[in-house]
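Engineer: Sequence and predicted model, in that order:
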Amino acid sequence: MKITRRHFLGLSGALGLASCARVKQVTPDVNLGRLRPGFGSRDFTFAAINDTHVLDTRSAAIVNHAVRSINADERVQFTVILGDIATDGRYQELNLAKVAFDQLDKPYFAVPGNHDVYMPAKDIFGNYRLAFGAPHWTENTRGWLFIGLNSCEEDKSDVLVQPAELEWLGKVLGRANRERPIALLAHHPFNPNTKAYRVKNADEILAMFSEHNLKLVAAGHYHGNQVEEHEGVLFTTTACCSTTRDNHDNTPEKGYRLFHVTGETLETEFVVVQS
Ligand SMILES: [Fe+2]
Ligand SMILES: [Fe+2]
């Protein structure tokens, strides 16, 4: 987890929408309409960005564009970064991305992806921790519980979320208010109908929420926009925000996702970032 606050005041005003087009994309908005009254009564928006795959200074440019776009959107209260921040988990790559994300005016929270682990090291998350802090975390804010889950199994694409992580999640849920809306954030997809890469033990993990008020599971890794609602839970994956990688669904648009929480309604939209 990493939080930053207003490092570069005024940057969004100077560089915002003029340098990076912001377009409401074709991804349909989803209206869940099932949130309990009393929770989430304060409207808010947060951004989710994933798969930046930063390799060098040049490839950090699109991240800078995304950061300026997010800063220019006064509705956004915080940003979640859903993994594959780097290319090969090297500290230099992760730190280049961190320098870019540190320009966010509002707080940000990150989880690692399979490209953020450094397999030659004894502690494969060591470089990630140095740059972004703990690979899992919780945040209580605005009546919601946000859970950042480390979904990685080494550097694999098709993963089993590891037993130690499930144990941690069980403890989190054991302490959680069962009425409180929950957003689960991870790198690997949980979407029941994702075209690829569904977490192998996704159903086991989702069952852990059976007595809780899970409303959202947002992920990356697939490099494509997928939005579906299943049994009252919104599942998403989002296009990559990278110039070193393409989307797996062959769509050309790169960008990030917004989630709008308005009273009892959760809506999402994709925002294009020009590279
Ligand atoms: Fe990726
Ligand atoms: Fe990935």
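Structural biologist: Alright, I've got the coordinates. None of these values were measured; they are calculated from a predicted model. Ligands and ions are numbered 1, 2, ... in the order given.

Engineer: Establish whether stretch 111-118 and ligand 2 are in contact.
Structural biologist: Yes: for stretch 111-118, a contact with ligand 2 is found by Cβ under 5 Å from the ion, at 113, 114. Just so you know, the C-beta spots here come from the backbone N, C-alpha and C atoms, and that holds for glycine as well.

Engineer: okay, how far is it across that stretch, tip to tip?
Structural biologist: Stretch 111-118 has an end-to-end distance of 15 Å (Cα to Cα, to the nearest Å).

Engineer: for that stretch, which positions count as buried?
Structural biologist: Within stretch 111-118, the residues that qualify as buried are 111, 112, 113, 114, 115, 116, 117, 118, counting by 16 or more other Cβ atoms under 10 Å.

Engineer: Just these: which are in strands?
Structural biologist: Counting by DSSP state E, the buried residues of stretch 111-118 place residue 111 in strands.

Engineer: The residue in the chain positioned nearest to ligand 2: neighbour count?
Structural biologist: Nearest residue of the chain to ligand 2, counting by Cβ to the ion: residue 221, 3.8 Å away. Residues lying near residue 221 (other Cβ atoms under 10 Å) number 29.

Engineer: In a helix, it, correct?
Structural biologist: No: according to DSSP: H, G, I helix; E, B strand; the rest coil, residue 221 belongs to no helix; its state is coil.

Engineer: Test my guess that it contacts residue 189.
Structural biologist: Yes: using Cβ atoms under 8 Å, residue 221 makes contact with residue 189 at a distance of 5.9 Å.

Engineer: returning to that earlier point: a markdown table please, covering the buried residues of stretch 111-118 and showing pLDDT and distance to residue 148.
Structural biologist: Formatted as a markdown table, the buried residues of stretch 111-118 follow (pLDDT from 0 to 100; distance: Cβ to Cβ, whole Å):
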| residue | pLDDT | distance to residue 148 |
| --- | --- | --- |
| 111 | 98 | 5 |
| 112 | 98 | 10 |
| 113 | 98 | 12 |
| 114 | 98 | 16 |
| 115 | 98 | 17 |
| 116 | 98 | 13 |
| 117 | 98 | 16 |
| 118 | 98 | 20 |
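
Engineer: Could you check how many residues crowd around residue 119?
Structural biologist: Neighbours of residue 119 using other Cβ under 10 Å come to 10.

Engineer: Where does the nearest residue to it once chain neighbours are set aside sit, in terms of helix or strand?
Structural biologist: Distances taken as Cβ to Cβ, 6 or more residues apart in numbering place residue 155 nearest to residue 119, at 5.5 Å, with adjacent residues excluded. Secondary structure assigned from DSSP states H and E places residue 155 in neither a helix nor a strand.

Engineer: Thanks a lot, see you next time.
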